[in-house]
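Engineer: I would like to see how this sequence folds:
(one chain, ligands or ions: 1)
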Amino acid sequence: MTTSAFPKTMRALCLTAYDGRPESLQVTEMPVPKPAAGQVLVRVAAAPINPSDLMFVRGLYGVKKALPAVPGFEGSGTVVAAGSIAGRLLVGRRVGCVPAPTMDGTWAEYVVVPLGQCIPLLPRISDEQGASFFVNPFSAWALMELARRGKHRALVQSAAASTLGRMLQKLARKEKLTLVNVVRRAEQEEMLRKLGAEHVVNSSEPEFAERLRLICHELGVTLAFDAVAGPMTGQLAGALVDGGTVIVYGGLSEQECRIHPKEFIFHRKKVEGFWLSEFFKGRFGKDQLRALVEVPTLLGKDLETPIRARLPLESAGEALSIAASDMTAGKVLFTPNATKR
Ligand SMILES: NC(=O)c1ccc[n+]([C@@H]2O[C@H](COP(=O)([O-])OP(=O)(O)OC[C@H]3O[C@@H](n4cnc5c(N)ncnc54)[C@H](OP(=O)(O)O)[C@@H]3O)[C@@H](O)[C@H]2O)c1
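Structural biologist: Modelled structure (predicted):
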């Protein structure tokens, strides 16, 4: 094993039950994991709390690890050890990293990551931006790729003020695609307009569904990206022109998608799902390679992540509750090594 110096034990946030109670996520002293062949050990600089993490700790996400487990699907840091010759080149480098789904995550001082799931960070990318290099940037890129592939020229998205929604807005502008943005608060409408959005509709206003339908028909919208689910999926489907497709990629409302059957039967609408893990799973074709080349060049620019708080692992309860409220204000990061013992 090639290494630079690191201690034998570390602090990590350990999840003991999928019940969402603060007591079930506690700082625990545990051995620093050893990288096997094809893996590296990363000293974590920053790790975000994403909606997927909030669902994961409550047992509602598409992945469940055997407990106890350390959550955290992505992060950034410095490679301090490699389990094989191939990883040696990365020792001492700053990387963005994604642990394997079955292994412990990034909410810890150290994390073991497959070599192929580390991306060296360009000098202009801060540890904080690098920490969110994967989940949202790659999803935004992949969703835009689906729009491109389907030759869609006009799109609509829900939860448009989210980090991912703002990334989609920038990518759509670059691609010269028309984008209708659905938000749920007046402040979000104002924020998106300041960022240059032309079409913004507020779902909390009266006659929302009809207004959305009119604007989408006027602009010929054929594709919807939905992160909310519940009645929103049906409202988006109803707004599309005949033959349109809704891609559901999030369930922020925590409700089942509700769509009137007439949309399928009489209007030939379709509903599909998107999960980034599936986009990358077991496939390393042209699309994945293009994403790996293109996304890093857009990071910190078109694919920028707003950050609002940095907290130590010891403040997990507070961090999760900030992350779950007023999500538009930006990401909450754990910075496990910022305060030394
Ligand atoms: N399928 C995939 O592979 C994949 C990959 C990446 C992300 N995602 C999903 O993409 C979505 C956005 O992620 P993000 O990290 O960009 O989120 P984020 O930055 O944390 O922002 C979440 C946004 O959603 C809004 N929101 C929350 N609950 C809502 C509800 N019930 N109805 C309408 N709006 C609601 C928030 O508004 P407030 O400020 O008003 O709360 C905020 O603007 C999440 O659902 C996430 O799970 C999926």
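Engineer: Specify the residue ranges that define each domain of the protein.
Structural biologist: Listed domain ranges for the chain are 2-132+305-334, 136-278 (source: automatic domain parsing).
Engineer: my guess is L320 meets L25, correct?
Structural biologist: Yes. Under the criterion of CB atoms under 8 Å, L320 makes contact with L25 at 7.4 Å. Any C-beta I mention is one placed from the backbone N, CA and C, and that applies to glycine too.
Engineer: Need the residues touching each of those two.
Structural biologist: V57 (CB atoms under 8 Å, 6 or more residues apart in numbering).
Engineer: dump the residue contacts of G196.
Structural biologist: 169, 173.
Engineer: Figure out which of the domains of the chain is closest to the ligand.
Structural biologist: Nearest to the ligand, of all the domains of the chain, is domain 136-278, at 2.4 Å by CB to the nearest ligand atom.
Engineer: That closest one near the ligand at all?
Structural biologist: Yes. Judged by CB under 6 Å from any ligand atom, domain 136-278 comes into contact with the ligand at 136, 139, 159, 161-164, 184-185, 227-228, 249-250, 252-253, 274-276.
Engineer: Next, the distance between the ends of that domain.
Structural biologist: 14 Å (CA to CA, to the nearest Å).
Engineer: cool, stretch 110-122 as well?
Structural biologist: 21 Å.
Engineer: roughly how far is it from the heart of the chain?
Structural biologist: Centroid displacement of stretch 110-122 relative to its chain, using CA atoms, centre = their mean, to the nearest Å, is 17 Å.
Engineer: Centre of the chain to whichever strand or helix holds Q288, how far?
Structural biologist: Following DSSP states H and E, one finds Q288 within helix 286-298. In terms of CA atoms, centre = their mean, the gap separating the centre of helix 286-298 from the centre of its chain is 16 Å.
Engineer: Now do it: everything it contacts.
Structural biologist: 119, 122, 133, 137-138, 141-142, 145, 279-280, 303.
Engineer: next one: stretch 260-272
Structural biologist: Against stretch 260-272 from outside (CB under 8 Å, 6+ apart): 233-234, 237-238, 240, 242-248, 257, 259.
Engineer: change it to 6 Å
Structural biologist: By CB atoms under 6 Å, 6 or more residues apart in numbering, the residues outside stretch 260-272 that reach it are 234, 237, 242-247.
Engineer: Under the pLDDT cut-off, which ranges of the stretch 151-300 of the chain? List them.
Structural biologist: Applying pLDDT under 70 to the stretch 151-300 of the chain flags the ranges 282-284.
Engineer: What is the neighbour count of N337?
Structural biologist: N337 has 20 neighbouring residues, counting by other CB atoms under 10 Å.
Engineer: Great, nothing more from me.
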